[in-house]
Every structure is written in structure tokens, then in C-alpha cells.
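In: Quick one, structure for this:
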Amino acid sequence: MIDTSNCNIAQIAVHRVGNPSQEEALHHSKSVLELTDDHLRELLFRYFLSPFTEPEFYNFTSPEGDFTLNPLYNQASQLFEGSGSFHDLSMKMADHLYEVSSHPNIKSGDLFVVRFTDMQVEDELVDAIGLFKAENKHSFIKVDQATDDFILDHDEGIHVDKLDKGCLIFNTGKEEGYRVSIVDKSNRLTEAQYWKDTFLNLKPCNDNYHSTREFLNMTKEFVKKQIPEEHDGGKTEQIDMLNRSAEYFKTHESFDKQEFEEEVFDQPEVAESFRRFDEDYRTHNEVAINDQFDISSHAVKKEAKGFKSVLKLDKNFHIYIHGDRSKIEQGTDPDGRKYYKIYYDQER
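Out: Residues are numbered from 1 along each chain as shown. Prediction:
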């Protein structure tokens with residue numbers, strides 16, 4: 001949880017970062033910005049911080065796997081420690097962004113570097129460094145009154161409700177590579193991942209949110225891939241297993257892998273297959289998932305949306321299965337037509 005209600009902007013700088021492959025320049029500002037307009041300050045808070053409503057935390061890393069080699073980690077450390085000029089370090093951050101922006105599809109834009117004070121992360125009050133890139137300009141119409149008449153004009157600017165890319169670096173968890181939260185509204189093409197993977201160079205935090213999300217995703221992949229291949233499970237079996245998995249996470253405050261297997265998988269051979277899949281999944285995806293952790297309700301709410309409970313039959317019927325697998329039967333009639341038989345107590 002991030003609470004920004006009492007935080008303040010202590011310093012802010014902006015630089016124009018082009019794309020070197022398009023022969024676009026990098027323009028550094030000459031000094032930090034002075035914020036004397038209270039309404040502008042409110043708009044900046046809205047632009048910078050309102051997108052961070054559902055935080056997922058990351059840590060800095062590097063191609064070598066050592067977060068101390070990440071330039072942004074070191075620059076943020078200097079800012080938090082007060083061992084360097086804010087404006088000089090903001091320019092170095094802009095330099096780093098310029099160096100990794102050479103893909104032809106990467107847009108130029110304005111990079112805001114902001115130092116925030118008194119930002120609450122869960123139960124801790126910390127300072128934070130914000131990096132925000134505005135890539136898209138939006139047209140707007142202006143209406144001015146001149147004497148007894150009106151004049152229409154237009155201009156382009158930054159939409160305060162449409163942050164393109166952003167990150168908050170919190171002054172906590174330094175020993176693990178700081179805690180970082182990001183926003184990236186770009187598409188999911190490979191070149192668009194430069195913000196998270198190349199510029200920031202992040203990996204998910206090994207926290208409750210990460211463990212909950214990864215285990216739910218791994219379970220969904222197991223049910224969809226392994227159950228049909230190894231256990232001849234049809235769609236109803238898959239939906240029933242997904243429902244039981246989601247129900248476990250929704251009704252428990254803490255996760256225990258052995259308990260989960262006992263409640264979700266009826267057959268020992270399915271549980272054994274799940275353990276093998278779990279081991280392969282962790283190795284292949286290079287993720288660490290704890291076998292016991294406190295369940296993140298936020299992660300459950302977000303990831304459970306992908307647990308589909310709809311059985312689609314040709315283009316004629318959709319059957320929503322929410323529980324009690326024993327009340328639906330599958331079969332084939334003498335003419336070879338497939339059917340489902342559904343039992344119920346009352347019609348609503």
C-alpha cells in the first residue's frame with residue numbers, strides 16, 4: 001500500500017530526452033524548477049502519483065544480477081544520502097535514459113525527476129525519487145474573452161490524467177535493491193519494455209504480493225496445460241480446479257503449499273504432477289516462490305480475474321460453473337451428439 005496524502009514535492013527537474021537513432025538530441029535543463037503556484041503543484045501531484053493505485057513492488061538488479069551495478073540504484077542512493085547535487089544526478093539519470101532509447105520505436109519525451117518527502121509505504125514513512133516520462137502530447141482548445149467577444153485557440157500539452165511512464169523509488173529495502181513501483185502505459189511490444197527492463201532494470205520483489213501472484217499464475221498454467229495432457233481432464237474438471245484454487249486464496253489469510261494441495265487436488269497423482277510442474281515452472285521462469293506466505297488480497301483480486309469459469313459450447317451456449325462439480329455430467333447420446341446434464345435445486 002502507498003499513501004501519498006501527506007507527501008510533498010521537495011525538488012523537481014525536467015530534461016528533454018530524444019532518440020539518438022533518430023538524431024534527436026538530449027537537452028538538459030539549466031537548473032531545478034521553482035514551484036510557486038499551488039494549483040500547478042496540485043496538478044503535478046495528480047499527474048505523478050494518481051496512477052500508483054495498485055502498487056506492485058520491484059527491486060533494482062543488473063544484467064550481472066548485482067543491483068549495486070545498476071546506475072539508477074547508485075544515483076538514488078546518493079540522492080537519499082544527500083551526497084550529490086540533485087540537479088547533477090537528475091542529469092545523469094537523463095543521460096542513462098538517452099543511452100537506452102536508441103530503438104527506432106522509442107518516442108522522445110520530457111523526463112521529470114522529482115524528490116518526494118513523507119510518503120508512506122505500508123507502515124513506513126520514507127522519502128522517494130520519482131522518474132516520469134511524458135511521451136505523448138495532447139491537443140486542447142482554449143477559449144479567451146477579448147473585450148465583448150470570444151477567441152478560440154488551440155495548443156498542445158501534457159494530459160494530467162495520462163502518465164505514459166513512471167516509477168517511484170522508495171528509500172527502503174536498500175539492502176535488496178530498494179523498493180520500486182512502476183507505471184508503463186505503452187504497448188507490450190519488446191521495444192516498449194525498455195522502461196522496466198533496460199532503463200530501470202528491475203526484478204519482482206520476493207514479497208507476499210509476488211508470491212501470491214506467481215503461485216496463482218503457476219496454478220492456472222498447470223491446470224490449463226498439464227491436466228489435459230496427463231490426466232485427460234475436460235473443461236469442467238479444469239474449471240472446477242481453478243474455482244477451488246481461487247477459493248482457497250480468497251478464504252485463507254496465509255498460504256501453505258501442502259494444505260493447498262490437499263484442499264484443491266482430490267487425487268494423489270494430480271498433486272504429484274503439480275509438484276513436478278511447480279519445480280519446472282520455478283526453474284524455467286527463474287522465479288522464487290515461498291511455500292508459506294501471507295496471502296495478498298490485492299494480488300488475488302487482480303489475478304483471479306483470469307480464472308475463467310465459463311464453459312463455451314459451440315456458439316449456442318455458455319455455462320457458468322461456480323462450484324459443486326458433481327452437479328454437471330458430460331456424455332454422448334446414441335447418435336454421437338455430445339451433451340451436458342445439469343442438476344439444480346431451484347431456478348432463480
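
In: Look up how far F255 lies from the nearest residue to D256 once chain neighbours are set aside.
Out: Leaving aside its sequence neighbours, D256 sits nearest to Q292 (Cβ to Cβ, 6 or more residues apart in numbering; 5.4 Å). C-beta here means a position set from N, CA and C on the backbone, and glycine is covered the same way. From Q292 over to F255 the distance is 6 Å, taken as Cβ to Cβ, to the nearest Å.

In: The two: which is more packed in?
Out: F255 (21 against 11; other Cβ atoms under 10 Å).

In: helix, strand or coil for that one?
Out: strand (DSSP: H, G, I helix; E, B strand; the rest coil).

In: got a list of what it touches?
Out: For F255, the contact set (Cβ atoms under 8 Å, 6 or more residues apart in numbering) comprises 211-212, 215, 249, 292-295.

In: pLDDT value on it, please?
Out: F255 carries a pLDDT value of 94.

In: Could you pull out the helices in this structure for me?
Out: Applying DSSP state H to the chain gives helices spanning 38-49, 71-81, 86-99, 208-231, 235-251, 257-264, 268-285, 297-303.

In: Could you dump those into TSV and include distance to N59 and mean neighbour count?
Out: Compiled in TSV, these are given as follows (distance: least, Cβ to Cβ, whole Å; neighbours: other Cβ atoms under 10 Å):
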stretch	distance to N59	mean neighbour count
helix 38-49	21	15
helix 71-81	9	19
helix 86-99	18	19
helix 208-231	10	19
helix 235-251	24	19
helix 257-264	24	15
helix 268-285	17	14
helix 297-303	17	17
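
In: Any chance of those helices in TSV with distance to D144 as columns?
Out: TSV is the format used below for the helices of the chain (distance: least, Cβ to Cβ, whole Å):
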stretch	distance to D144
helix 38-49	18
helix 71-81	41
helix 86-99	35
helix 208-231	49
helix 235-251	55
helix 257-264	64
helix 268-285	57
helix 297-303	45
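
In: if I pick F116, what's in contact with it?
Out: With Cβ under 8 Å, 6+ apart, F116 has these contacts: 4, 7-10, 127-130, 168.

In: beta partners of it?
Out: I9, A128 (DSSP bridges).

In: separation between the closest residue to F199 other than its chain neighbours and K196?
Out: Using Cβ to Cβ, 6+ apart and skipping the chain neighbours, the partner closest in space to F199 is V100 (5.1 Å). Computed as Cβ to Cβ, the V100 to K196 distance reads 11 Å.

In: quick one on the thing from earlier: any idea which of the contacts of F255 is closest to G157?
Out: Relative to G157, the closest of the contacts of F255 is T212; by Cβ to Cβ it sits at 39.5 Å.

In: re the thing from before, just send the contacts of F255 back as CSV, with distance to A304 too.
Out: Formatted as CSV, the contacts of F255 follow (distance: Cβ to Cβ, whole Å):
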residue, distance to A304
S211, 15
T212, 10
F215, 12
F249, 7
Q292, 20
F293, 17
D294, 17
I295, 11
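
In: Among these, list the two that are farthest apart in space.
Out: The most widely separated members of the contacts of F255, counting by Cβ to Cβ, are F249 and Q292 (13.7 Å).

In: mind listing what G166 touches?
Out: Remark: with contacts taken as Cβ under 8 Å, 6+ apart, G166 is in contact with 48, 51-52, 130-133, 182-184.

In: Same check on D184?
Out: Here D184 is in contact with 164-166, 192, 195-196 (criterion: Cβ under 8 Å, 6+ apart).

In: Give me the residue ranges of the stretch 101-250 of the chain where confidence is low.
Out: 186-192, 230-234 (pLDDT under 70).

In: who's more crowded, V100 and K196?
Out: K196 (19 against 16).

In: My read is that the more buried one contacts L202, right?
Out: Yes. At 5.6 Å, K196 counts as touching L202 under the criterion of Cβ atoms under 8 Å.

In: between these two, what contacts are shared?
Out: Contacts common to K196 and L202, judged by Cβ under 8 Å, 6+ apart, are 58, 182.

In: In space, what's closest to the residue nearest the centre of the chain - neighbours in sequence excluded?
Out: Nearest residue to the geometric centre of the chain (Cα atoms, centre = their mean): E56, 5.4 Å. Among residues not flanking E56 along the chain, Y209 sits closest, at 6.1 Å (Cβ to Cβ, 6+ apart).

In: Identify the residues contacting that neighbour.
Out: So Y209 contacts 56-57, 296, 298-299 (Cβ under 8 Å, 6+ apart).
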